[in-house]
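Visitor: take this sequence and fold it.
(one chain, ligands or ions: 1)
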Amino acid sequence: MKITVVGTGYVGLVTGTCFAETGNDVTCVDIDAAKVSKLSGGQITIYEPGLEKLFERNLKENRLQFTTDLAAGVKDAEVIFLALPTPPGEDGSADLSYILKVAEQLGNIITDYKVIVDKSTVPVGTAEKVQATIAKNCKCEFDVVSNPEFLREGVAVDDFMKPDRVVIGTRSERARKVMGDLFGPFVRQGNPILFMDEKSAELTKYAANSFLATKISFMNEIAILCEKLGADVDMVRRGVGSDDRIGKRFLFPGIGYGGSCFPKDVQALVKSSEDADYDFRILNAVMDVNEKQKLFLLPKINAFFNNDLKGKHFALWGLAFKPNTDDIREAPALYIIDALVAAGATVTVHDPEAMENVKRLLGDKVSYASHQYDCLNDADALVIATEWSVFRTPDFEKIKATLKNPLIFDGRNLFDVARMQELGFHYESVGRAAST
Ligand code: NAD
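Guide: Residues are numbered from 1 along each chain as shown. Below you'll find the predicted structure:
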């Protein structure tokens, strides 16, 4: 099939590459000329495990092309995916301007039947708006379909190639047939393609992300309670997660969720609820808990240093909002850095993949260490903000020998408290007793 993907960010590039991998002819369109030039030249623009190999192969086979020219890019397409940003607007609602701008352009461009697919995360009613915007100028037939994306950064290729489910919102038989054919190869192991109306598909995505965010904030509050009552959140998590009705995943406490999706999607669903004259109380609490959780380690750090961080120096491991990505959007690490620097401390950071993005954002606000152990030089303490695998079994003797104090504040519960006690660390984590 001939496919066009508009927007080549985390979702668009994975979508385009994976469709090419299953034999489709894919053209990716982006307004960022520098990005398009890099991608056309064979240089991948995001870090996503497994993507580069597929990207190189399909580029070489000419199944994957890049352009800044929307008209040329969609000319031969049967299906046009919109993988455009939907950032939060000032009032928290999803900003649809990127999508509606492209919809307007498409109305002037297309001359034969196309299936136009909204892959971005958008509020209920957006498919209707896109339909109306295109129809203003368009003389030919077309269908607008909602196909929310559930991939997770870090395992995006696997998620796309073997999705738990594909949600397709359309009431058009013609579009349903095209989408069914296109996604057939991805669900050969028997996972469902769920056809539904556009509004239900749009709400499914927000409901899924908001539910997962709720699970995280719930466990973070249980962790706070564990510390207050002397329980161990690791034990509670295991006890709770063994119940099939609850499940083991998404029960790990930490310093809050970040990224480009959960924070903005929860906020957008709350706003949609308000617009529908409904106060979604649970989600307001989820956001509130998460805001506080990002700075969960700060009172512990302050208490250790008698509320005087002036002149103290911290090593910080982990900048990405989660492991296996270079994405730092809404990363808890950034909030911790802000708070430490505001209190008069200095920070040296290390991350396996996200350093360049942080350099662009923070410049010389922090220092950068290309190796995780160099990061520790002259530091009064180590703070851990992301659970990268390389941080899980570090050389503790080296850490102890390099840090000024054997002191670790761990926002991701990477280490066993008893072991840290044995090793002689003062170690504080989330929802567990400290080793002193
Ligand atoms: P992104 O910011 O990484 O990428 C968006 C791309 O669109 C950029 O390359 C940008 O240059 C391009 N763009 C902007 N305006 C354009 C235009 N007029 N024409 C062509 N290209 C244009 O965003 P993303 O993370 O890929 O997210 C895209 C959508 O998918 C959002 O709605 C997001 O909520 C949703 N989503 C994201 C994820 C994720 O893990 N990142 C997962 C599921 C859903």
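Visitor: count of neighbours near the nearest residue to Arg171 once chain neighbours are set aside?
Guide: Using C-beta to C-beta, 6 or more residues apart in numbering and skipping the chain neighbours, the partner closest in space to Arg171 is Asp197 (5.7 Å). Bear in mind the C-beta positions are built from the backbone N, C-alpha and C, glycine included. Neighbour count for Asp197, taken as other C-beta atoms under 10 Å: 12.
Visitor: correct me, but Glu104 touches Val130?
Guide: No: contact criterion C-beta atoms under 8 Å: Glu104 and Val130 do not qualify, at 9.7 Å.
Visitor: so these two - more neighbours on which side?
Guide: When Glu104 and Val130 are compared for neighbours, Val130 comes out ahead with 28 against 15, by other C-beta under 10 Å.
Visitor: so the more buried one, which state does it fall into?
Guide: Under DSSP: H, G, I helix; E, B strand; the rest coil, Val130 falls in the helix class.
Visitor: again, but for the one 3 residues further on
Guide: For Thr133, the secondary structure call by three-state DSSP comes out as helix.
Visitor: for it, which residues are in contact?
Guide: Going by C-beta atoms under 8 Å, 6 or more residues apart in numbering, Thr133 touches 100, 103-104, 107.
Visitor: could you do Ala207 as well?
Guide: Leu269.
Visitor: which stretch of helix or strand covers it?
Guide: If you go by DSSP states H and E, Ala207 is part of helix 198-229.
Visitor: what comes up buried for that helix?
Guide: 198-199, 201-206, 208-210, 212-224, 226-227 (16 or more other C-beta atoms under 10 Å).
Visitor: just the strands in this structure please.
Guide: 2-6, 25-29, 64-67, 79-82, 114-118, 142-146, 166-169, 193-196, 313-317, 346-350, 367-368, 381-384, 407-410, 426-428 (DSSP state E).
Visitor: turn the ones you listed into CSV, including mean neighbour count.
Guide: Shown next, in CSV, are the strands of the chain (neighbours: other C-beta atoms under 10 Å):
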stretch, mean neighbour count
strand 2-6, 25
strand 25-29, 24
strand 64-67, 21
strand 79-82, 26
strand 114-118, 26
strand 142-146, 24
strand 166-169, 23
strand 193-196, 16
strand 313-317, 24
strand 346-350, 21
strand 367-368, 16
strand 381-384, 25
strand 407-410, 24
strand 426-428, 22
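Visitor: what sits against whichever residue of the stretch 1-150 of the chain sits closest to the ligand?
Guide: Residue nearest to the ligand within the stretch 1-150 of the chain: Gly9 (1.8 Å; C-beta to the nearest ligand atom). Residues in contact with Gly9 (C-beta under 8 Å, 6+ apart) are 46, 83, 85.
Visitor: contacting residues around the second one?
Guide: Applying C-beta under 8 Å, 6+ apart, one finds that Ala83 lies in contact with 5-9, 11-12, 15, 119-120, 149.
Visitor: now it. Nearest residue, chain neighbours left out?
Guide: Nearest to Ala83 is Gly12, by C-beta to C-beta, 6+ apart, at 3.4 Å.
Visitor: correct me, but the one you found touches Ile31?
Guide: No: under the criterion of C-beta under 8 Å, Gly12 makes no contact with Ile31, lying 11.8 Å away.
Visitor: who has more neighbours, the two?
Guide: Gly12 (22 against 15).
Visitor: low-confidence bits of the stretch 201-350 of the chain, can you list those?
Guide: For the stretch 201-350 of the chain, applying pLDDT under 70 flags no range at all.
Visitor: count the neighbours of whichever residue of the stretch 151-300 of the chain sits closest to the ligand for me.
Guide: Using C-beta to the nearest ligand atom, the single residue of the stretch 151-300 of the chain nearest to the ligand is Glu153, 4.4 Å away. Counted with other C-beta under 10 Å, the burial measure for Glu153 works out to 25 neighbours.
Visitor: from the ligand, how far off is the nearest residue to it once chain neighbours are set aside?
Guide: If the residues on either side of it in the chain are set aside, Glu153 comes closest to Thr325, at 4.2 Å by C-beta to C-beta, 6+ apart. Here the criterion is C-beta to the nearest ligand atom, to the nearest Å. By it, Thr325 lies 8 Å from the ligand.
Visitor: quick check: phi and psi on Thr325?
Guide: Note on Thr325: its backbone torsions stand at phi -150, psi 160 [degrees, to the nearest 10].
Visitor: I figured it was touching Glu353, is that so?
Guide: Yes: counting by C-beta under 8 Å, Glu353 is a contact partner of Thr325 at 6.9 Å.
Visitor: of all residues in the protein, which one is nearest the centre?
Guide: Gly259 (4.1 Å; C-alpha atoms, centre = their mean).
Visitor: residues touching that one, list them.
Guide: The contact partners of Gly259, taken as C-beta under 8 Å, 6+ apart, are 153, 321-322, 327, 329-331.
Visitor: up against the ligand, what does the stretch 1-150 of the chain have?
Guide: Within the stretch 1-150 of the chain, the positions lying close to the ligand (C-beta under 6 Å from any ligand atom) are 6-12, 29-32, 35, 83-86, 98, 101-102, 120-121, 149.
Visitor: let's go with 5 Å and repeat that
Guide: Residues of the stretch 1-150 of the chain found near the ligand (C-beta under 5 Å from any ligand atom) are 6-11, 30-32, 84-86, 98, 120-121, 149.
Visitor: compare these and tell me which is most surrounded.
Guide: Val6 (29 neighbours).
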